[in-house]
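Colleague: Quick one, what's the 3D model for this:
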Amino acid sequence: MKVPAPSLAPILRSEPQGRMLATLFGNPGRSYKVGELAAASGMSASTAGREVERARTAGVVTVEELGNARLVRANLDHPLAEPLGRILVATFGVPAVIAEEFSDLDGVTSVMVFGLMGGSLARRRRHRSRRCGHSRGRRPTAPGR
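Modeller: Residues are numbered from 1 along each chain as shown. This is a model prediction of the structure:
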């Protein structure tokens with residue numbers, strides 16, 4: 001099944017490919033296993049492996065073989081690394097995620113984020129019901145209850 005290209009970044013093949021590259025370029029000093037990239041981008045491990053190979057062929061990522069694991073990292077020496085990273089962060093990064101997650105709440109004029117925002121983009125989809133402090137319809141209780 002063909003997945004449409006993201007509307008904000010039509011140079012990318014698909015949303016999952018964009019999320020995978022955003023994970024890499026959003027954390028440029030970190031290496032990821034292909035399985036981690038698959039989980040972060042919402043694609044199967046085999047699809048993630050193919051996308052990694054495409055990105056490696058294009059030169060935008062480097063891959064280090066370590067035993068059975070392939071460690072993937074953004075290639076910051078690529079001439080397009082900086083502008084590609086900016087496009088990916090603008091399209092799939094924290095500001096875009098926050099705008100998407102809170103867009104359906106009426107009356108929200110600002111959002112404050114506390115804690116670490118460096119986790120995978122996939123976690124936001126799994127924890128969508130908790131975004132307002134509620135977990136599966138239950139209201140938070142006061143301390144000591």
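Colleague: which intervals of this protein have sub-threshold pLDDT?
Modeller: Applying pLDDT under 70 to the chain flags the ranges 1-11, 114-145.
Colleague: can you give me the helices for it?
Modeller: 15-26, 34-41, 45-58, 81-92, 94-102, 122-126 (DSSP state H).
Colleague: Can you tell me which of those helices is packed in deepest?
Modeller: helix 15-26 (a mean of 24; mean count of other C-beta atoms under 10 Å). C-beta here means a position set from N, CA and C on the backbone, and glycine is covered the same way.
Colleague: quick one: it to helix 94-102, angle?
Modeller: 140 degrees (axes from the mean of the first three to the mean of the last three C-alpha atoms, to 10 degrees).
Colleague: who does helix 15-26 touch, helix- and strand-wise?
Modeller: helix 34-41, helix 45-58, strand 69-74, helix 81-92 (3 or more C-beta pairs under 8 Å, 6 or more residues apart in numbering; DSSP states H and E).
Colleague: who wins for proximity to A22 among these?
Modeller: helix 81-92 (3.6 Å; C-beta to C-beta).
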